[in-house]
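# here's a sequence, model it:
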Amino acid sequence: VMSMLDRLFTQFDIACSDVGLFKVETIGDAYMCVGGLPTPQVDHTARVALFSIIAVKTANNTLVDDEIPEMGHVNIRVGFHS
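Predicted coordinates:
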């Protein structure tokens, strides 16, 4: 589990930076980031929505276990608030 989360969250960190969001923290298996902080962004909601789409696609392309591909790919749910 830890290996999978590390691989997944590393990709989330890249996407978060690329979209211009601020990573707040990870809480267990939860990843939290925000838009519009620390610098205000008029399009923060669109950035968070874009990150959400990228995160789901990234998870769907991440193997649960690199050594046992038959276990399939990660599925996540995403929520955001504005």
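# other residues contacting stretch 70-82?
With CB atoms under 8 Å, 6 or more residues apart in numbering as the test, stretch 70-82 has contacts from 4, 8, 44-45, 48-49, 52, 55-56, 59-65. The way it works is simple: take the backbone N, C-alpha and C, and place the C-beta from them, glycine included.
# going by distance to Cys33, which of those residues wins?
Val48 (7.7 Å; CB to CB).
# which among the contacts of stretch 70-82 count as buried?
Buried members of these, scored by 16 or more other CB atoms under 10 Å, are 4, 8, 44, 48-49, 52, 55, 59, 62-64.
# and which of the residues you listed is nearest to Gly20?
When those are ranked by distance to Gly20 (CB to CB), His44 comes first, at 8.8 Å.
# can you report phi and psi for the closest one?
Here is the backbone geometry of His44 (degrees, to the nearest 10): phi -60, psi -40.
# what do you get for Lys57?
Backbone torsions for Lys57, taken as degrees, to the nearest 10, come to phi -60, psi -40.
# equivalent analysis for His73, please.
phi -110, psi 160.
# now swap in Tyr31 and tell me
phi -120, psi 130.
# of the contacts of stretch 70-82, which belong to helices?
Residues of those located in helices (DSSP state H): 4, 8, 44-45, 48-49, 52, 55-56, 59-60.
# just send these back as JSON lines, with pLDDT and distance to Thr26 too.
Listed next are these as JSON lines, based on pLDDT from 0 to 100; distance: CB to CB, whole Å:
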{"residue": "Met4", "pLDDT": "94", "distance to Thr26": "13"}
{"residue": "Leu8", "pLDDT": "96", "distance to Thr26": "10"}
{"residue": "His44", "pLDDT": "96", "distance to Thr26": "20"}
{"residue": "Thr45", "pLDDT": "95", "distance to Thr26": "22"}
{"residue": "Val48", "pLDDT": "96", "distance to Thr26": "17"}
{"residue": "Ala49", "pLDDT": "96", "distance to Thr26": "20"}
{"residue": "Ser52", "pLDDT": "96", "distance to Thr26": "16"}
{"residue": "Ala55", "pLDDT": "97", "distance to Thr26": "13"}
{"residue": "Val56", "pLDDT": "97", "distance to Thr26": "17"}
{"residue": "Ala59", "pLDDT": "97", "distance to Thr26": "14"}
{"residue": "Asn60", "pLDDT": "97", "distance to Thr26": "19"}
